[in-house]
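**Q** curious how this folds, go ahead:
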Amino acid sequence: MPPEIQKLANSLLIDPVKISVTPQSSTVDTVKQYVYFVDSTQKIQLLLYLLNDPAIAHALVFIQMKHRANKLVDMLIKNGVTASAIHGNKSQSARQSALNKFKKREIRVLVATDVAARGIDIDDLSHVILFEMPVEPETYVHRIGRTGRAGQNGIAISFCDHSEKKTLETIEKLI
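**A** Alright, predicted model coming up:
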């Protein structure tokens, strides 16, 4: 409820009771959030640069489109990074195989679209990288919620190009 409405309600009502149907979207304190402002043509180079850091042992990378997920995986593999993609065009068995390999640490990077990533649970996932900002601000909270679970710390890194700045502002207002 917007603060102005809450203030008005408090001034008009006696002992009002607030009932929330859905919780306000928020992020957990155990996830450190970073944003890199980068031209869209430089996002792959930035990802490869960040993956040079041995602290990023495994990363879940979010991307919008299925075909771009496949292209990103191809580029990562071409540059010596073990990677696989999960998205709606993959069969359930292919998605499960990629997820199992990631969980067993057989691949370093799992590239996922939002639909395919719903409900996945990966223990000790330290890094989530948003290669592209989500269309819906609430999706940001879901994406970064894959890390920093069960009281552990996590890091969420967002790549934001010029066309995504308004989305970033909306996300900032949400959280």
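
**Q** centroid-nearest residue for the chain?
**A** Geometric centre of the chain, nearest residue: residue 143, 3.0 Å, by CA atoms, centre = their mean.

**Q** what part of this structure, helix or strand, is modelled with the least confidence?
**A** The weakest-scoring helix or strand in the chain, judged by mean pLDDT, DSSP states H and E, is helix 114-117 (a mean of 70).

**Q** and the residue nearest to the centre of the chain, that's in a helix?
**A** Yes: counting by DSSP: H, G, I helix; E, B strand; the rest coil, residue 143 is part of a helix.

**Q** before we move on, the earlier item: C-alpha coordinates for the next helix or strand after the least confident helix or strand of the chain, PDB please?
**A** Once the chain leaves helix 114-117, the next helix or strand it forms, by DSSP states H and E, is strand 127-130. Provided in PDB are the C-alpha atoms of strand 127-130 (Å, rounded to 0.1, in the frame of the first residue of the first chain):
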ATOM      1  CA  HIS A 127      26.800 -16.300  -7.800                       C
ATOM      2  CA  VAL A 128      23.800 -15.300  -9.900                       C
ATOM      3  CA  ILE A 129      24.500 -13.200 -12.900                       C
ATOM      4  CA  LEU A 130      21.700 -11.300 -14.700                       C
END
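
**Q** strands of the chain, start to end?
**A** Assigned by DSSP state E, the strands in the chain fall at 31-37, 59-62, 83-86, 109-112, 127-130, 154-160.

**Q** may I see these arranged in TSV, with distance to residue 96 as well?
**A** Placement of C-beta: from N, CA and C, glycine included. Converted to TSV, these look like this (distance: least, CB to CB, whole Å):
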stretch	distance to residue 96
strand 31-37	26
strand 59-62	16
strand 83-86	9
strand 109-112	12
strand 127-130	20
strand 154-160	23
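
**Q** now render the ones you listed as CSV, adding mean pLDDT, mean neighbour count and distance to residue 3.
**A** Formatted as CSV, the strands of the chain follow (pLDDT from 0 to 100; neighbours: other CB atoms under 10 Å; distance: least, CB to CB, whole Å):
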stretch, mean pLDDT, mean neighbour count, distance to residue 3
strand 31-37, 93, 15, 24
strand 59-62, 94, 25, 31
strand 83-86, 95, 24, 40
strand 109-112, 95, 26, 36
strand 127-130, 93, 24, 29
strand 154-160, 93, 22, 27
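
**Q** report back the residue of this structure that's furthest from centre.
**A** Furthest out from the centre of the chain (CA atoms, centre = their mean) sits residue 14, at 42.1 Å.
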